[in-house]
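>>> Okay, sequence plus prediction incoming.
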Amino acid sequence: MTSTPDDTLMTPWSRSLGLRVPVVNAPMGGAAGGRLAAAVSAAGGLGMIGMGSAGSVAALERELAAAGGATVGIGLVDWVRDRETGLLETAIAAEPRLLSVSFGSDFSWVPAVQDAGILAVTQVYDVPGAHRAQEAGIDVLVVRGSEGGGHGADRLALLPLLDAVLETATVPVLAAGGIGSGRTLAAVLAAGAAGAWLGTCLAAAEESLLPENARRAMLAADSTHTVVTTVFDEVLDLPWPPIYPARVLRNDVTDPWSRPEFDEARPSAEMLRAAMDTDDVTIAPVDAGQGVGLITHIEPAAAVIDRMCANAAELLRR
């Protein structure tokens, strides 16, 4: 199944990239590997390979191979880019359509990306952040509302943020956070977004890297079953800036009263790593945004995109 072009949804930005639909998958660490990126691109959008906290040159090369030569983008975490020697250079050498680096204030990477003919992208969470990114020469802004899953500043809901940034933006703006249906896709396109940056709704797709129990937890959750926390990063001593907590599914770590044996309401780092290795979602984190309740079954990414885009086009034609 592949999406067909629909002028109702097309934006100048999506046309400029030759996309059939104005959809990009968020480069979710642990979920957005090469197979998912290739599937999104085949469905008419732009697939992204995500290098999260565990990103490395070897991991990126593995997922690029899994993409099978598909046209994709790559997303990096700023502090991981700084830690992993050669990661940015490997990403640039892969010649992605987009290269996103987020969760930091260092834009020294932008010229090297643009010199290679690649669009430089970053996430922003407020108007001052959007201004700083534009002044640094960023080609595309991703405005991420607090509804979004995974890491991000918990500042504003998507629509107020999108409204404010679009007032002054001089570059294309993609909308992220809580977009999981044709209705929400139509809403952000009607508001003026150049496209949608989809995370949670694709995290449980057949092509995702997400483990089985994490998928099942997403299927069982509703939109009230997420919480914003830094507890997992603190336990694992990961250098995420504290302004970027993660929105995850509630479990025994985020709701510690359910596990009185946790010392000081937290598992040890060893216990948490073991839970992540064994897909024990009662302890391990599962990134999910507030649109998680819209996930009702596991299906190919193309089916998710086709349904969303068809419904959005119908609404916009009205």
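Noted; the coordinates are in hand.
>>> Confirm that residue 311 sits in a strand.
No. Assigned with DSSP: H, G, I helix; E, B strand; the rest coil, residue 311 falls outside any strand and is helix.
>>> Skipping adjacent residues, who's closest to it in space?
residue 182 (2.4 Å; C-beta to C-beta, 6 or more residues apart in numbering). Using the backbone N, CA and C atoms, a C-beta is placed for each residue, glycine as well.
>>> again, but for residue 46
Nearest one to residue 46, counting by C-beta to C-beta, 6+ apart, is residue 24 at 4.6 Å.
>>> where does the one you found land in three-state SS?
Residue 24 is classified as strand under three-state DSSP.
>>> Test my guess that it contacts residue 74.
No. The criterion here is C-beta atoms under 8 Å, and residue 24 misses it with residue 74 at 11.8 Å.
>>> which residues do the two both contact?
48, 98 (C-beta atoms under 8 Å, 6 or more residues apart in numbering).
>>> any idea whether residue 36 is helix, strand or coil?
Secondary structure, three-state DSSP: residue 36 is helix.
>>> For the residue nearest to it when sequence neighbours are not counted, give me its contacts.
With C-beta to C-beta, 6+ apart as the criterion, residue 36 has its nearest non-adjacent residue at 4.3 Å, and that residue is residue 207. Going by C-beta under 8 Å, 6+ apart, residue 207 touches 33, 35-36, 38-39, 300-301.
>>> What's the separation between residue 284 and residue 253?
For residue 284, the distance to residue 253 equals 8 Å [C-beta to C-beta, to the nearest Å].
>>> Common neighbours of those two, please.
residue 272.
>>> Poorly predicted segments of the protein, please.
1-6, 257-265 (pLDDT under 70).
>>> go again using 50 as the cut-off
1-4 (pLDDT under 50).
>>> Surely residue 280 touches residue 213?
Yes. Counting by C-beta under 8 Å, residue 280 touches residue 213, with 7.2 Å between them.
>>> Next up, the contacts around the nearest residue to residue 12 once chain neighbours are set aside.
Residue nearest to residue 12 in three dimensions, not counting chain neighbours: residue 194, with 7.2 Å by C-beta to C-beta, 6+ apart. Applying C-beta under 8 Å, 6+ apart to residue 194 gives the contacts 11-14, 22, 140, 172-174.
>>> ranges for the strands of the stretch 101-250 of the chain?
Under the criterion DSSP state E, counting those that start in this stretch, the stretch 101-250 of the chain contains strands at 119-124, 140-144, 150-151, 173-176, 195-198, 226-229, 246-249.
>>> which helices and strands does the fourth one pack with?
Strand 173-176 sits against strand 140-144, helix 158-168, strand 195-198, with contacts defined as 3 or more C-beta pairs under 8 Å, 6 or more residues apart in numbering; DSSP states H and E.
>>> Residues contacting it, please?
24, 26, 121, 123, 140-145, 148, 158, 162, 165-166, 188, 191-199.
>>> And those, which of them are buried?
Among the contacts of strand 173-176, those scoring as buried are 24, 26, 121, 123, 140-145, 148, 158, 162, 165-166, 188, 193-199 (criterion: 16 or more other C-beta atoms under 10 Å).
>>> Now do the helices in the stretch 1-150 of the chain.
In the stretch 1-150 of the chain, the segments counted as helices under DSSP state H, counting those that start in this stretch are 12-16, 34-42, 57-66, 78-83, 87-93, 110-115, 127-135.
>>> So for the last one, what gets flagged as buried?
Just to be clear, that refers to helix 127-135. Buried, per 16+ other C-beta under 10 Å, within helix 127-135: 127, 129-130, 133-134.
>>> Among these, which one lies nearest to residue 270?
residue 129 (36.3 Å; C-beta to C-beta).
>>> gap between that closest one and residue 225?
For residue 129 relative to residue 225 (C-beta to C-beta), the value is 28 Å.
>>> same deal with residue 170?
Where residue 225 is concerned, residue 170 sits at a distance of 38 Å (C-beta to C-beta).
>>> Could you do residue 308 as well?
22 Å.
>>> So if I had to pick from these two, which one is more boxed in?
Neighbours per residue (other C-beta atoms under 10 Å) separate residue 308 from residue 225, with residue 308 holding more: 27 against 18.
>>> Confirm that that one lies within a strand, as I assumed.
No. Applying three-state DSSP, one finds residue 308 to be helix, outside a strand.
>>> and it, what does it touch?
23, 180-182, 185, 198, 201.
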